[in-house]
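> give me coordinates for this.
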Amino acid sequence: MKQIAVTSFLILSSFLGFSQQINPLMVIDDLENQKKWVDSIYGNMSLQEKIGQLFMVDVFSSDPTKKTDLVKGLIDNYYIGGIIFSKGGPKRQAKLNNEYQEMSRVPLLIGMDAEWGLAMRLDSTFAYPWNMTLGAIKDNEVVEKVGNRIGEHSKRMGVHFNFAPVVDINTNPKNPIIGNRSFGESRENVTQKALAFMRGMQGAGVMANAKHFPGHGDTDTDSHKTLPTLLFSKERIDSLELYPYKNIISQGLSSVMVAHLNIPSIIPETGYPSSISKNVVTQILQRELGFNGLIFTDALNMKGAADFQKPGEIDLAAFLAGNDVLLISENVPKAHDILVRAYREGVILETRLEKSVKKILYAKYKVGLHNYEPISTENIIEDLNSPVDEMLYEEAMEKALTVVKNDSATLPIKDLHNTKIAYVNFGDDSGKPFLNYLRKYTKIDWVREKSLAAYLKKLKRYDYVVIGFHRSNENPWKSYKFTEKEVQWIQKISEENKVILDVFTRPYALLDLESTQNIESIIVSYQNSEVAQSLSAQLIFGARGASGQLPVSAGDDFPVGTSVEIKPLKRLQYGTPESVGLDSEKLKKIDTLAWSGLWAGMMPGAQIIVAKKGKVVYEKNFGYHTPEKKIRVRSDDLYDVASLTKILATLPMTMELMDRGAINMDTKLSEMLPEFKYSNKKNITLKRMLSHTARLKAWIPFYIKTIDTVTGLPSKKYYSNKKDDEFSIKVANDLYLRKDYKDTIYDLIKESELRSRSGYKYSDLPYYLLKKYLENFYGTSLDYLVQRNLYQHLGANYTTYNPLSKFRKSDITPTEEDKYFRMQKVHGYVHDQGAAMLGGVCGHAGLFSNAN
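Model (predicted):
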């Protein structure tokens, strides 16, 4: 059997005119069955059916039924061999695909242009980064994984050929049609990325297609609109444009798309498009490069081909040049008739027709069309938008981030203490996600002015100005350029301020800048997606690093390959649940629980955050500030975080003193607070207090003695509606406690009885005592102490005592309707009564913060 397979392979290779390399269309471990299937199908075909196999027509599933039904006529009457699906939606396309396949006697070969994923053509599908973004990644395994996922998506949609990767070497910044679709200008990098992408996609069972042969990267016109001319020598074409093909053909490339280009040095016929040049398609691609796979024309309705010859005639010319598949013919019926007539007149030989048709049939067998099954639409949207894709997109975008300039090691910004940072948004697209993520690390002011003078005046007081240049992420062809005004303003602002310029578009944008000398740091983030904005903000503050390289040159200062590596600091990251081993689907149950609480009236609103391994992977807001539903909960709204005060304020400062040797776990309360020397608590150790085994009462309702027993209101003996020297402790709106009552609180703690039973019993009282000890030791109040020593350095600008001194009331969620103590809505004041009676600052309660 083994001998038969080898013999069959040699005969077939010789018959089809293949070179000695393994043919990428063959299934080597099933070659006998593949050959039998191909021969059987071919042997039962009429001439008209054989000619029909050469055509692949375009279908838009977004088109009305009347138009998509026209394709059924082409299947019935002209026996077309394949369909290239374009704009539409997954379910609509799957339905059409099934209908077309059911009525076609020979299964249809299905193709798509899905260079960065199905989202290039279909709504409701996942978009991966553009090729130029991938070209910035040094780790080619990431590119292979992207190719594999795009292949999996294509396969799920019943697509057999993805017309990717683009292997054009984009050496011309003015190229109007390739640009972001190219992996870059380095032939080595383009080749490595193309190989990785091809391996990934073909590993998923979807055939790759290298395009646009021989190379569309150095044109300044679009072959969709005209015939571009490349006036380069044959040697230049051979050493640069053909370089990727030479390397990936030998690695099992399935197919090639031939472009419509006028290249006089390799096309002997004057003005001929490369797609109909026998020298290009047959001599160079097949004979010199030894390519055995399928050869597609670029779309024949493009002006680069359509303007050269009439419909039908251009199809014949393309076939005679050596192409196997005629893509998007302008007039299939006419072209079909012309090719049939050419066969009968001897212009097309049987051996030539057999070669192409059998190659097409071999491809159909390899992609499984001999065992065709309809596409299931069940869960198709979910299958095409997996958490795996989100995680991989994040990984790819992070590894693409490229720092090209970092004077004075500005990045990452390390010191957040008293550092004032402004954000300025240039470009035509939103930078709101970027700003939101910047604000997760420190206070950022969004400065918006209408004139340069106003900007310069406003920005004078800032230590750093982050300028985000945000260009549309809708598609890779959108303009990347700065306006003249933006260039001028960036130059002037950078002369007066330390500027971090973050470019959320292709690197060529930097060519517009007259000088970058005064700009401290420049980041190229490539795309303006929300993920790119999030990751770039994290990079600026050191939560993420940067390892990307420029895939193209952006002027003399930034040649291809420019890369300034940035090492991350240990700051909180933001990312996907799967990246830390959590399940997105399971986390969705949090949504259900939150909404259940809202619907049941347990709470009017909430902020919820989940973090693991130093990364926030879930962050959502629900509901409103109050049951009246007037103000929605936002990420930067403040809540009373109650007992979290213990671990966010008191304990860190206590730990610092332990590190300094001032106290230890065996230090007695009487040593910390000498006034307790003669109390029943004198021998209680810090360890006992912190472990809640000190036999202290759980809490003391200090406020009860200050309530008038007749009226039930705060007693005038202790409270006043106005602040003065005697009544200076603000416990609520228009309510001030006598300033000497602080001493009373500590006397009540000192004189309180100990519990008779030992063992664990939660108590707030140790944190009253630690507050007093810390304030005595440092000589300042606890709120100032933690702000100075902790929160300023962490950039925790939304964590504070007494928030009304820093924030608007509308930024703070109310806590409760107090009907037993303060007799008002508690809004912006600490809920805990004891902490309120100490001016809103205590060791066990008093802090306000957001979930972040």
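> residues of stretch 505-517 that come out buried?
505-510, 512-513, 516 (16 or more other Cβ atoms under 10 Å). Glycine gets a C-beta too; all of them are placed from N, C-alpha and C.
> in CSV: those residues, plus secondary structure, pLDDT and distance to residue 806.
Formatted as CSV, these follow (DSSP: H, G, I helix; E, B strand; the rest coil; pLDDT from 0 to 100; distance: Cβ to Cβ, whole Å):
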residue, secondary structure, pLDDT, distance to residue 806
505, coil, 97, 37
506, coil, 96, 41
507, helix, 98, 41
508, helix, 97, 43
509, helix, 97, 38
510, helix, 98, 39
512, helix, 96, 40
513, coil, 96, 38
516, coil, 97, 37
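> by contact count, what packs against the helix or strand harbouring residue 453?
Per DSSP states H and E: residue 453 is located in helix 452-459. Other elements packing on helix 452-459 under the criterion 3 or more Cβ pairs under 8 Å, 6 or more residues apart in numbering; DSSP states H and E are strand 421-427, helix 484-496.
> now it - C-alpha only, PDB.
In PDB, the C-alpha atoms belonging to helix 452-459 read as follows (Å, rounded to 0.1, in the frame of the first residue of the first chain):
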ATOM      1  CA  LEU A 452      -3.200  77.400  21.900                       C
ATOM      2  CA  ALA A 453      -2.800  80.400  24.200                       C
ATOM      3  CA  ALA A 454      -5.500  79.000  26.500                       C
ATOM      4  CA  TYR A 455      -3.800  75.600  26.500                       C
ATOM      5  CA  LEU A 456      -0.400  77.000  27.400                       C
ATOM      6  CA  LYS A 457      -1.800  79.100  30.200                       C
ATOM      7  CA  LYS A 458      -3.800  76.200  31.700                       C
ATOM      8  CA  LEU A 459      -1.100  73.600  31.400                       C
END
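> okay, buried residues for that helix please.
Buried, per 16+ other Cβ under 10 Å, within helix 452-459: 455-456, 458-459.
> and of those, the nearest to residue 495?
Nearest to residue 495 out of the buried residues of helix 452-459 is residue 456 (Cβ to Cβ; 9.1 Å).
> give me the spatial nearest neighbour of that closest one, chain neighbours excluded.
Counting by Cβ to Cβ, 6 or more residues apart in numbering, residue 496 is the residue found nearest to residue 456 once chain neighbours are left out, at 5.7 Å.
> could you do residue 92 as well?
Closest to residue 92 by Cβ to Cβ, 6+ apart is residue 61, at 4.0 Å.
> wasn't residue 736 part of a helix?
No - Residue 736: not assigned to a helix; according to DSSP: H, G, I helix; E, B strand; the rest coil it is strand.
> please name the bridge partners of it.
residue 720, residue 730 (DSSP bridges).
> list the contacts of it.
Taking Cβ atoms under 8 Å, 6 or more residues apart in numbering, we find residue 736 in contact with 719-724, 727-730.
> give the next helix or strand downstream of the host helix or strand of residue 244.
Assigned by DSSP H and E, residue 244 belongs to helix 243-249. Per DSSP H and E, helix 243-249 leads on to strand 255-258 as the next helix or strand towards the C-terminus.
> center of the chain - which residue?
residue 531 (3.2 Å; Cα atoms, centre = their mean).
> that one reaches residue 397, doesn't it?
Yes - with contact defined as Cβ atoms under 8 Å, residue 531 and residue 397 form a contacting pair (5.3 Å).
> thinking again about what came up before, pull the residues that contact the helix holding residue 453.
422, 424, 447, 449, 465, 488-489, 492-493, 496-497.
> narrow those residues to those that are buried.
For these, buried by 16+ other Cβ under 10 Å: 422, 424, 447, 465, 489, 493, 497.
> residues contacting the fifth one?
By Cβ under 8 Å, 6+ apart, the contact list for residue 489 reads 426, 452, 455.
> apply 7 Å and report the result again.
452, 455 (Cβ atoms under 7 Å, 6 or more residues apart in numbering).
> could you check the pLDDT of it?
For residue 489, the pLDDT comes out at 98.
> sounds good, over and out.
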